[in-house]
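Enquirer: fold the stuff below for me.
(chains A and B)
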Amino acid sequence: MVLELLDHRIERVSIVDDNPEARLGTSFYVSDLDLVPVDEAGPLRSLEECVERISSESQAVLCDFRLRVKDYAGFNGDELVAAFNQSGVPAILSTTYDPSALSEIRRFRKNIPVLLAPNDLDEESIVHGFETCLREMKGEHAAERRLRRTLVRFEEISQHHAYVVVPGWNSKMGVRLTRSEVPRKILAAASPGFRCHAMVNIGAEEQVELYFENWELPRDD
Amino acid sequence: MTDQDSVGKTTILDVGHGSCAVIESQGSTVVVDTGAGAALIEYLEDAKIEHVDTVVLSHADADHIGGLVALVASEIVTVRAVALNSDAAKGSAAWDDMLFELNDASIRGEIDVHLGLKAGDEPISCGDARLSVLGPSVYLAGKGAGSTDRGGRAISSNSISAVLLLQHGDSMEALFTGDLDRVGFDDLLRDQPEVKARVLVFPHHGGLPKEGAPREFARELTAAVCPETVVVSNARRKKPNNPQPEIVDGIRDAAPTCRIACTQLSFHCAPELRKSEPRHLTEAFASGRTRGVCCAGSVLLDHGEGTVVPSQADHQEHIEACASNPLCRVVADSSSQAGST
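Expert: Have a look, this model is predicted:
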């Protein structure tokens, strides 16, 4: 069968996960949609090779986050999913939402429209997820994904992290960023209480959905 | 429905826990409170409103001012003026952040900031509608939050909530009350005997005032305003679980048959969420829409027709489908109207 979403025809869905049992479990959902699950048993070579090969074989991807396991892949699923969505192949990332994973994923969140916990994967969420990815490719971002220029206030900067508040999103909840998520020029200027602006999807309901782009130093800096 | 562009409308937005109303008339836009988060900017962008003439902030609580931070920083929507009262007692980061942004915008000449809202100020125009400031009084505003009133009662940030009356022609369309409490209400009535309006946006999201008997407060306020509709801008959450039953009881004491419309489904009314396909919601952005927790959702007041959308009938259909214990039900038994005036 073929699933048609927004002029995109999906027949084959590649399943990327280092765990064969997890791949099998996910394949049942794909089969239930009358689509063909393509099992990516690995090892996956380079990111570029992987994107090129899978894009030529399948029209959509379901991918786990942690792929750097037992030589399965030299990269994680966040990077891969972002690359697929940038190349026009709708891809959903699956993760258990542990804090360290979320910090890593945020770097690529701009091109990861859909993040699902394994327990939330089902036929409906998969179809909805692919459609969401395809809409973002057309520039139609859901409210919770739209970037808006907004104030960011730094509360604390540690060796590895920066703790910020985005008042336009939630004035009471801090957000933990890894230092690598913040441009060096901002980190160099930042101290507790420092304020600057960035593009943030302030319509996000959950902190896990937040991502940051286009940081700006204050205008008098 | 009449042509909105020519007659005007006010949308009381479902912003979750918070307050925000957008008044649009003849190309002008005035915002009363901004909620928190992105709801206001979502609404403005969806409605293709690129300029706001004035933002009026009733008081300094984050759920009334938080949305201004995003609005001031926006590259899509411009704001000409912001009117607010200072609040030396408010030490929140949200207040500080908002003032930081306003200060910055003011220095750059992008926004006129008017500090000081009090009864008797020049009304704020919005097309052929106008917003009059009924409170706080000069006395209360002058004393300020952190001080005490004539009776020795503490004046809080909520006490000095700006009370704003929206008028269209001779019609008193709506009364916006921020988080007005007993102290502020007593101050209001001392100098403003006439506060009637068709729609009352109930203070503090239908929550309990810090001082005084809540039912009595709700009864006296409702009796003074004599509304046809009471709108409660609330969120479906367990804490606070608004509107509070005592508040609704007080409203009913004074106005047994007036319509009560909450933006979101209270846990009091619907302990369990039933799946529904709400057909009554306006097209306006509503925070509760995607989670299916809207009750009335965003409420639209048509200035020309004098109507409230969603209609009571359409809204009632949704309530019957979703609420096992609706607080807003009209009480048929008049013996429950304890102490009504």
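Enquirer: name the helix or strand for residue A:198, please.
Expert: Residue A:198 belongs to strand A:195-200 when assigned by DSSP states H and E.
Enquirer: so what does the helix or strand that that strand is followed by touch, helix or strand wise?
Expert: Next helix or strand after strand A:195-200 toward the C-terminus (DSSP H and E): strand A:212-216. Packed against strand A:212-216 by the contact rule (3 or more CB pairs under 8 Å, 6 or more residues apart in numbering or on different chains; DSSP states H and E) you find strand A:148-157, strand A:195-200. Backbone N, C-alpha and C define where each C-beta goes, glycine included.
Enquirer: could you report the neighbour count for residue 188?
Expert: Chain wasn't specified; assuming chain A. A total of 10 residues lie near residue A:188 under the criterion other CB atoms under 10 Å in any protein chain shown.
Enquirer: chain B was what I was after
Expert: 23.
Enquirer: list phi and psi for the nearest residue in space to it that is not next to it in sequence.
Expert: Excluding its sequence neighbours, the residue lying closest to residue B:188 (CB to CB, 6 or more residues apart in numbering or on different chains) is residue B:135, at 4.2 Å. With angles defined as degrees, to the nearest 10, residue B:135 sits at phi -160, psi 160.
Enquirer: show me which residues of chain A sit near chain B.
Expert: Contact residues, chain A versus chain B (CB under 8 Å from any CB of the partner chain): A:143, A:148-151, A:153, A:165, A:167-172, A:195, A:197, A:202-203, A:219.
Enquirer: of all of the stretch 101-250 of chain B, which residue lies closest to chain A?
Expert: Nearest to chain A in the stretch 101-250 of chain B, going by CB to the nearest CB, is residue B:101, at a distance of 5.8 Å.
Enquirer: surely that residue touches residue A:151?
Expert: Yes. The pair residue B:101 / residue A:151 is scored as a contact, 5.8 Å apart, by CB atoms under 8 Å.
Enquirer: common neighbours of these two, please.
Expert: Residues within reach of residue B:101 and of residue A:151 at once, by CB atoms under 8 Å, 6 or more residues apart in numbering or on different chains, are B:69, B:73.
Enquirer: next, count neighbours for residue B:214.
Expert: A total of 21 residues lie near residue B:214 under the criterion other CB under 10 Å.
Enquirer: actually, residue B:237.
Expert: Per other CB under 10 Å, the neighbour tally for residue B:237 reads 14.
Enquirer: residues contacting it?
Expert: Contacts for residue B:237 (CB under 8 Å, 6+ apart) come out as B:17, B:267.
Enquirer: any idea how far residue A:18 is from it?
Expert: Applying CB to CB, to the nearest Å, the value for residue B:237 to residue A:18 is 40 Å.
Enquirer: swap in residue B:305?
Expert: Distance of residue B:305 to residue A:18, computed by CB to CB: 62 Å.
Enquirer: for residue A:189, same thing?
Expert: Separation of residue A:189 from residue A:18 (CB to CB): 40 Å.
Enquirer: more neighbours: which of those two?
Expert: Neighbour count, other CB under 10 Å: between residue A:189 and residue A:18, residue A:18 has more, with 21 against 14.
Enquirer: for the more buried one, pull up the helix or strand it's in.
Expert: Using DSSP H and E, residue A:18 sits in no helix or strand.
Enquirer: what angle separates the longest helix along chain B from strand A:195-200?
Expert: If you go by DSSP state H, chain B has its longest helix at helix B:93-107. Per axes from the mean of the first three to the mean of the last three CA atoms, to 10 degrees, the angle that helix B:93-107 makes with strand A:195-200 is 100 degrees.
Enquirer: alpha carbons of helix B:93-107, in PDB - could you do that?
Expert: Provided in PDB are the C-alpha atoms of helix B:93-107 (Å, rounded to 0.1, in the frame of the first residue of the first chain):
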ATOM      1  CA  ALA B  93      12.100  37.900  38.000                       C
ATOM      2  CA  ALA B  94       9.200  38.100  35.500                       C
ATOM      3  CA  TRP B  95       8.500  41.800  36.500                       C
ATOM      4  CA  ASP B  96      12.200  42.600  36.300                       C
ATOM      5  CA  ASP B  97      12.600  41.000  32.900                       C
ATOM      6  CA  MET B  98       9.600  42.800  31.500                       C
ATOM      7  CA  LEU B  99      10.800  46.200  32.800                       C
ATOM      8  CA  PHE B 100      14.200  45.400  31.300                       C
ATOM      9  CA  GLU B 101      12.700  44.900  27.900                       C
ATOM     10  CA  LEU B 102      10.500  48.000  28.200                       C
ATOM     11  CA  ASN B 103      13.300  50.100  29.400                       C
ATOM     12  CA  ASP B 104      15.400  49.000  26.400                       C
ATOM     13  CA  ALA B 105      12.600  49.600  24.000                       C
ATOM     14  CA  SER B 106      11.900  53.000  25.500                       C
ATOM     15  CA  ILE B 107      15.500  54.100  25.200                       C
END
